[in-house]
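>>> coords please:
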Amino acid sequence: MHVRALNLIALVPLLMCDLNTAVVASPPKSSIQATYVIGRAETLEEMNTPRLKKMAKITKARAINIARTAVKGAVGRVDLENEDGNVIWSVEIGGQELAIDAGNGKILSFESLKSSNAQTELKSSPRSLKD
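Residues are numbered from 1 along each chain as shown. Model (predicted):
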């Protein structure tokens with residue numbers, strides 16, 4: 001119940017904004033930073049590569065469990081991504097896309113899949129959910 005209360009607080013800016021109004025913020029940094037390899041453009045925004053899998057400290061299954069603890073609903077696409085130098089698990093669940101730090105399991109952001117313009121970030125204190 002405590003975790004769900006935190007989610008509602010994090011989503012207040014999303015609920016208060018008009019769906020036609022973009023809430024733009026720079027994404028929080030993950031605990032694992034992926035460097036760009038000169039001469040290899042595919043490393044800039046890579047997904048599910050062996051390099052990222054070696055860097056990730058939490059598994060895909062753990063990322064899904066963290067997402068399920070935070071949001072109810074069916075799990076959709078789950079990808080390990082280099083998002084602007086941040087190694088994250090991107091988990092689609094219950095109409096939301098969660099960015100989960102691939103190093104420590106903290107939820108870095110929630111994004112509504114219903115409106116590509118509406119986004120809320122967890123800036124103050126991303127949390128880690130323990131087993």
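>>> Please make it C-alpha for all contacts and neighbour counts, starting now.
Will do.
>>> Now Glu83: closest residue in space, sequence neighbours ignored.
Closest residue to Glu83 apart from its sequence neighbours, by Cα to Cα, 6 or more residues apart in numbering: Glu45 at 6.0 Å.
>>> Would you agree that neighbour is in contact with Ile88?
No. The pair Glu45 / Ile88 is not scored as a contact, 11.3 Å apart, by Cα atoms under 8 Å.
>>> The residue nearest to Glu83 is in what secondary structure piece?
Under DSSP states H and E, no helix or strand contains Glu45.
>>> what about it, how many residues close to it?
Glu45 has 15 neighbours, counted by other Cα atoms under 10 Å.
>>> check contacts around it.
Going by Cα atoms under 8 Å, 6 or more residues apart in numbering, Glu45 touches 81-85.
>>> So which of those belong to strands?
Under the assignment DSSP state E, the contacts of Glu45 contribute 81-83 to strands.
>>> Could you dump those residues into JSON lines and include neighbour count?
Shown next, in JSON lines, are the ones in strands among the contacts of Glu45 (neighbours: other Cα atoms under 10 Å):
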{"residue": "Glu81", "neighbour count": "24"}
{"residue": "Asn82", "neighbour count": "24"}
{"residue": "Glu83", "neighbour count": "20"}
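>>> Which parts of the chain are strands?
75-83, 86-93, 96-101, 107-112, 119-121.
>>> Can you check which of these gets nearest to Lys57?
Nearest of these to Lys57, taken as Cα to Cα: strand 96-101 at 9.2 Å.
>>> Please name the strands paired to the closest one in the sheet, noting orientation.
Looking at strand 96-101 with DSSP bridges, its partner strands are strand 86-93 (antiparallel), strand 107-112 (antiparallel).
>>> Fine by me, thanks again.
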